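Novice: structure, please.
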Amino acid sequence: MELDLDSLREETEKNLTKNKFRLLVLFSVGILGIFIFIALAPDMTDEEKSKVYRLPLTPQEIYELSQVFSSYTENSYLYVLSLFCFLYLLMQSFAIPGPIVLSLISGTLFGRWVGLLIVTICATTGSTICYFLSDILGKGIIVRAFPDKIQKVHGAIQQQKENVLFYLLFLRVVPIVPNWLINLTSPIIGIPIKTFFLATLFGLIPPNCIHINTGMALSSLGSTEMSYESIALLVVLGVLIMLPPIYMKYNKSKKVKI
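Specialist: Numbers count the residues shown, from 1 in each chain. The predicted model follows:
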């Protein structure tokens, strides 16, 4: 079934400007929150500030960032936890790249299992907020910005419409479709919030676990040798998750032939 984006454009035209403004206000509140956290930050040396107030792009920079935050976690645990959750939710809610860096350092800051719990809650909550922002305010912007991508995701989902939950789990574990795109397009292509929430909650656990383990290896002066193992594990998990819908489809076709 083809998705009628032209009708969606017409439906959202009336409130497009207002919704853009509302999103801008919400995002501005988030940015204001960051400045408040900066103002309340514990005292840092100039060297520590140079490592914190930059975008970490290399394993070494991620390692240095985790070490700075680790040194403050013991004495300012609540502050570090609050800042971590706030940044994760802000980036996930507005589809901003960066949560993976927070996932990488979470194990070093909070421990493997507590870090996984925190990241799972933040990732699921942030993705759900993104879903609702897209549905309520962002639909008109998204259908104009990513029409081709929406159609591709919709086409892929339609091919698996009888096993949408399993397929979404597969996409979360093996991100052949970027997670931010799934978050933005899901309400537009008609994926129910319950299905979206469950697929996000359980589907993001395996990659988050891999990110945390990789980050802990980096923090202990390890290397990125885990990367290839992580990729292989993601592929294996994705294949395993796809087995139930494949089996059900085979079973259904077999019954039809009989």
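Novice: what residues sit buried inside stretch 38-48?
Specialist: By neighbour count with 16 or more other C-beta atoms under 10 Å, stretch 38-48 contains the buried residues Glu48. C-beta coordinates here come from the backbone N, C-alpha and C atoms, glycine included.
Novice: could you do stretch 71-88 as well?
Specialist: In stretch 71-88, counting by 16+ other C-beta under 10 Å, buried: 72-73, 76, 80, 83-88.
Novice: mind putting these in TSV, pLDDT, distance to Asn163 and secondary structure included?
Specialist: Output for the buried residues of stretch 71-88, formatted as TSV (pLDDT from 0 to 100; distance: C-beta to C-beta, whole Å; DSSP: H, G, I helix; E, B strand; the rest coil):
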residue	pLDDT	distance to Asn163	secondary structure
Tyr72	82	46	helix
Thr73	83	42	helix
Ser76	87	46	coil
Val80	91	41	helix
Leu83	93	39	helix
Phe84	94	35	helix
Cys85	97	33	helix
Phe86	97	36	helix
Leu87	95	35	helix
Tyr88	97	30	helix
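Novice: and Phe196, how far from Ile176?
Specialist: Look at Phe196 and Ile176: by C-beta to C-beta, to the nearest Å, they are 17 Å apart.
Novice: those two: which is more packed in?
Specialist: Between Phe196 and Ile176, Phe196 has the larger neighbour count (other C-beta atoms under 10 Å), namely 21 against 8.
Novice: the more buried one: which element?
Specialist: Taking DSSP states H and E as the criterion, Phe196 maps to helix 193-203.
Novice: toward the C-terminus, what is the element adjacent to that helix?
Specialist: Following helix 193-203 toward the C-terminus (DSSP H and E): helix 205-219.
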